[in-house]
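In: The following comprises the amino acid sequence and a computationally predicted model.
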Amino acid sequence: GNFMAVDKALYYGHPVAAVAATSIHIAEDALDLIEVEYEVLPPVLTAERAMAPDAPILHPGMRTAEPTGGQAEDRDSNVAAHLQVATGDVEAGFAAADVIVEDEFHTSTAHQGYIEPHTATADWQNDGSLVIYSSSQGSFQIVRDPLATILKMPASRIRAVPMEIGGGFGGKNRIYCEPIAAMLAKKAGKPVKLSMTREEVIEASGPTSGAWIRAKLGVKQDGTFTAFQMWIAYEAGGFPGSSVGGGLNTSLGQYKIDNVTMDGYDVLVNRPRNAAYRAPGVPAPNYAIESLVDMAAEKLDIDPIDIRIQNSSGEGTRRPNGVIIGPNGNREVMQAIKNSAHYRSELTGKNRGRGVAIGFWNAGAGAHSMNAMLNADGSVTVNHGAVDIGGLRATEAMTFAEVLGIPYESVIPNLVDTNSIGWTSLTAGSGTGAGISASAYLVANQLKDRAVERAAKIWGVETADCSYDRSRRSEEHTSELQSHLNLVCRLLLEKK
């Protein structure tokens, strides 16, 4: 697999052996004693080369998975999958265009550059269960569940403990150290910690995909877009799984074009298996799209921001993949750019220019588990499973403080392990903050309702006659409400 080579080392940095020792120096000396005989095979380093008829095959027996209803060719291929998004009649759209612009584009891989290297510590328990300590973007979805598949054991027998994470940006949506650490720990009968060096991170962990793109845009004389066509090959690395789906399903979200065909390919090359990197799969095609829009604007002598506003999507626009766009600020943002002092300022001097580009990304909130308890001192402890990669605990605390009308400092958020909370999605997709704040809002209101029920019971009144008042927004009232919460908590303790 990706974490350890089997028949072939598919890229420079692909692990072929692992050693555990009582010190890093002994381990390094042991590695030096291992001799490996390699049969050097011709490398395939770009999508262009990988898709050539005479290209060496990385995985013999692999066939291209075609879109639903498509017939795959019965031959070995480096193309793992072909996806298509289409709407309208592209040929008719181009026939109706007064101007057609097209070009070919290439983007290279780029690493996320997070500060903390990948690391994991594995510790097998006497009952045969495994505890794994690591930093990732998802304790369940990224660590526990894939590790259970790799180790062929029930997920319930693995406890993934999330550590503080030193950056990810999508790059920690894959595991590298955890399986190796687990197997070494099992053989050694002791806990094993495995950490990658910075060099190993760059050589062997997943960057974003490189891409090879051919794209074409049709435009009427008045600037109306009539058709768009794109062919894009993503370099997945040594194993399938590029962000081709994200790229095709998100491209053109900022525009309304009735006739579109986009074909995407997941292509294997002798490079590290790619990983997400901020809006995975989207920047490459968006680079091509926005370049063509600029080319069309120049040919038609239309201001680049005006042609974008003219063709902008809005609430109710159907994207090429069929999804209807909800409320958004796309046009408002474009108009604000046009009206800004910066955009309207005069360009002076040589080699001065001004560029504009618009992109689209749909955030996914995911599934989140959370529980909370009201403590005897009136503070609130919140337990959740979403890895905090950039302020989620602050988001939770602010939401609870807002709903309950208590100080921010009185909310104690905790990121807990997979045995202590229900299944939770990975932290990714630019939507975890929204998703977890929605969960926090619901749980905080449930907590408020329980407090009212308990207070009514203690005071011997109907629940309907008891209310939780946080309508006044002064520091005095917040302090008063906190005091009442403290009183309720103390009374609850006395009733036990």
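Out: That came in fine, so what should we check first? In this text the structure is predicted, and so the values were computed from the model without any measurement.

In: need the strands for the stretch 101-250 of the chain, in chain order.
Out: Along the stretch 101-250 of the chain, the segments classed as strands by DSSP state E, counting those that start in this stretch run 119-124, 130-134, 158-162, 192-195, 211-219, 225-237.

In: and those, which is most packed in?
Out: The highest mean neighbour count among the strands of the stretch 101-250 of the chain, using mean count of other Cβ atoms under 10 Å, belongs to strand 225-237: a mean of 25. For every residue, glycine as well, the C-beta is placed using N, CA and C.

In: So for it, mean pLDDT?
Out: Averaging pLDDT along strand 225-237 yields 98.

In: Only the C-alpha atoms, please, for that strand, written as PDB.
Out: Output in PDB follows, covering the C-alpha atoms of strand 225-237 (Å, rounded to 0.1, in the frame of the first residue of the first chain):
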ATOM      1  CA  PHE A 225     -21.000  32.900 -22.300                       C
ATOM      2  CA  THR A 226     -22.500  30.300 -24.600                       C
ATOM      3  CA  ALA A 227     -20.500  27.100 -24.000                       C
ATOM      4  CA  PHE A 228     -17.600  25.700 -22.000                       C
ATOM      5  CA  GLN A 229     -15.600  22.500 -22.600                       C
ATOM      6  CA  MET A 230     -12.800  21.100 -20.500                       C
ATOM      7  CA  TRP A 231     -10.600  18.000 -20.500                       C
ATOM      8  CA  ILE A 232      -8.400  17.600 -17.400                       C
ATOM      9  CA  ALA A 233      -6.100  14.900 -16.200                       C
ATOM     10  CA  TYR A 234      -5.100  14.900 -12.500                       C
ATOM     11  CA  GLU A 235      -1.900  13.200 -11.400                       C
ATOM     12  CA  ALA A 236      -3.000  11.000  -8.500                       C
ATOM     13  CA  GLY A 237       0.500   9.700  -7.600                       C
END
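
In: How about the longest helix seen in the chain, which residues are buried there?
Out: For the chain, the helix with the greatest residue count under DSSP state H is helix 432-459. By neighbour count with 16 or more other Cβ atoms under 10 Å, helix 432-459 contains the buried residues 432-433, 435-437, 439-440, 443-444, 447-448, 451-452, 454-456.

In: Could you do stretch 403-421 as well?
Out: 403-407, 410-413, 415-418, 421.

In: How about stretch 298-318?
Out: Taking 16+ other Cβ under 10 Å as the criterion, stretch 298-318 shows Leu300, Ile302, Pro304, Ile305, Ile307, Arg308, Ile309, Gln310, Asn311, Ser312, Ser313, Thr317 as buried.

In: Turn the residues you listed into a markdown table, including secondary structure and pLDDT.
Out: A markdown table is the format used below for the buried residues of stretch 298-318 (DSSP: H, G, I helix; E, B strand; the rest coil; pLDDT from 0 to 100):
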| residue | secondary structure | pLDDT |
| --- | --- | --- |
| Leu300 | helix | 98 |
| Ile302 | coil | 98 |
| Pro304 | helix | 97 |
| Ile305 | helix | 98 |
| Ile307 | helix | 98 |
| Arg308 | helix | 98 |
| Ile309 | helix | 98 |
| Gln310 | helix | 98 |
| Asn311 | coil | 98 |
| Ser312 | strand | 98 |
| Ser313 | coil | 98 |
| Thr317 | coil | 97 |
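
In: Out of the residues you listed, which is nearest to Ser242?
Out: For these, the closest approach to Ser242 (Cβ to Cβ) belongs to Ser313, at 25.6 Å.

In: Just the helices from this structure, written as ranges.
Out: Counting by DSSP H, the helices of the chain are 24-33, 47-50, 90-95, 145-151, 177-188, 198-204, 244-250, 283-300, 304-310, 330-339, 341-344, 392-404, 432-459, 475-495.

In: Adding distance to Gly93 as columns, could you present the strands of the stretch 101-250 of the chain in CSV?
Out: Converted to CSV, those look like this (distance: least, Cβ to Cβ, whole Å):
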stretch, distance to Gly93
strand 119-124, 51
strand 130-134, 49
strand 158-162, 49
strand 192-195, 53
strand 211-219, 6
strand 225-237, 3
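
In: out of these, nearest to Ala464?
Out: Nearest of these to Ala464, taken as Cβ to Cβ: strand 158-162 at 42.2 Å.

In: Run the angle between the closest one and strand 130-134 for me.
Out: 20 degrees (axes from the mean of the first three to the mean of the last three Cα atoms, to 10 degrees).

In: Restrict strand 158-162 to CA atoms and write it as PDB.
Out: Output of strand 158-162 as PDB, limited to C-alpha atoms (Å, rounded to 0.1, in the frame of the first residue of the first chain):
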ATOM      1  CA  ILE A 158      -8.900   0.800  18.200                       C
ATOM      2  CA  ARG A 159      -8.900   3.900  20.300                       C
ATOM      3  CA  ALA A 160      -7.600   6.900  18.300                       C
ATOM      4  CA  VAL A 161      -6.400   9.700  20.600                       C
ATOM      5  CA  PRO A 162      -6.100  13.100  18.700                       C
END
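
In: ok, and what's touching that strand?
Out: Here strand 158-162 makes contact (Cβ atoms under 8 Å, 6 or more residues apart in numbering) with 129-136, 139-140, 143-144, 147-148, 151, 387, 415, 417-419.

In: out of the helices of the chain, deepest packed?
Out: Mean neighbour count (mean count of other Cβ under 10 Å) peaks for helix 244-250 among the helices of the chain, with a mean of 23.

In: what does the average pLDDT come to for that one?
Out: Per-residue pLDDT over helix 244-250 has a mean of 95.

In: just stretch 8-20 next, same as before
Out: 96.

In: Need the distance between the two termini of it.
Out: Start-to-end span of stretch 8-20 (Cα to Cα, to the nearest Å) is 23 Å.

In: ok, now which ones touch Ala5?
Out: By Cβ under 8 Å, 6+ apart, Ala5 lies in contact with His14, Pro15, Val16.

In: can I assume Val192 is in contact with Val19?
Out: No - using Cβ atoms under 8 Å as the test, Val192 is too far from Val19 to be in contact (10.3 Å).

In: Mutual contacts of the two, please.
Out: Leu184.

In: nearest to Phe239, of the buried residues of stretch 298-318?
Out: Ranked by distance to Phe239 (Cβ to Cβ), the buried residues of stretch 298-318 are led by Ser313 at 34.8 Å.

In: which residue sits closest to that closest one, ignoring its sequence neighbours?
Out: Closest residue to Ser313 apart from its sequence neighbours, by Cβ to Cβ, 6 or more residues apart in numbering: Lys256 at 4.9 Å.

In: tell me the pLDDT at that neighbour?
Out: 98.

In: What is the neighbour count of it?
Out: If you count neighbours by other Cβ atoms under 10 Å, Lys256 ends up with 17.

In: ok, now Gly429?
Out: Neighbours of Gly429 (other Cβ under 10 Å): 20.

In: measure the closest residue to Ile100 other than its chain neighbours to Ile232 for me?
Out: Nearest residue to Ile100, sequence neighbours excluded (Cβ to Cβ, 6+ apart): Gly218, at 5.1 Å. The gap separating Gly218 from Ile232 is 18 Å, by Cβ to Cβ, to the nearest Å.

In: swap in Thr424?
Out: Thr424 sits 33 Å away from Ile232, going by Cβ to Cβ.

In: send the alpha carbons of stretch 41-57 over as CSV?
Out: The C-alpha trace of stretch 41-57 is given here as CSV (Å, rounded to 0.1, in the frame of the first residue of the first chain):
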residue,chain,number,x,y,z
LEU,A,41,12.0,0.4,-14.0
PRO,A,42,11.2,3.3,-16.4
PRO,A,43,9.4,6.0,-14.4
VAL,A,44,6.2,7.7,-15.4
LEU,A,45,6.3,11.2,-14.0
THR,A,46,3.5,13.2,-15.8
ALA,A,47,-0.1,12.6,-16.8
GLU,A,48,0.9,13.1,-20.5
ARG,A,49,3.4,10.3,-20.3
ALA,A,50,1.1,8.0,-18.2
MET,A,51,-1.7,8.3,-20.7
ALA,A,52,0.5,7.5,-23.8
PRO,A,53,-0.2,4.2,-25.5
ASP,A,54,3.3,2.9,-24.8
ALA,A,55,3.5,4.1,-21.2
PRO,A,56,4.8,1.6,-18.5
ILE,A,57,1.9,0.4,-16.3
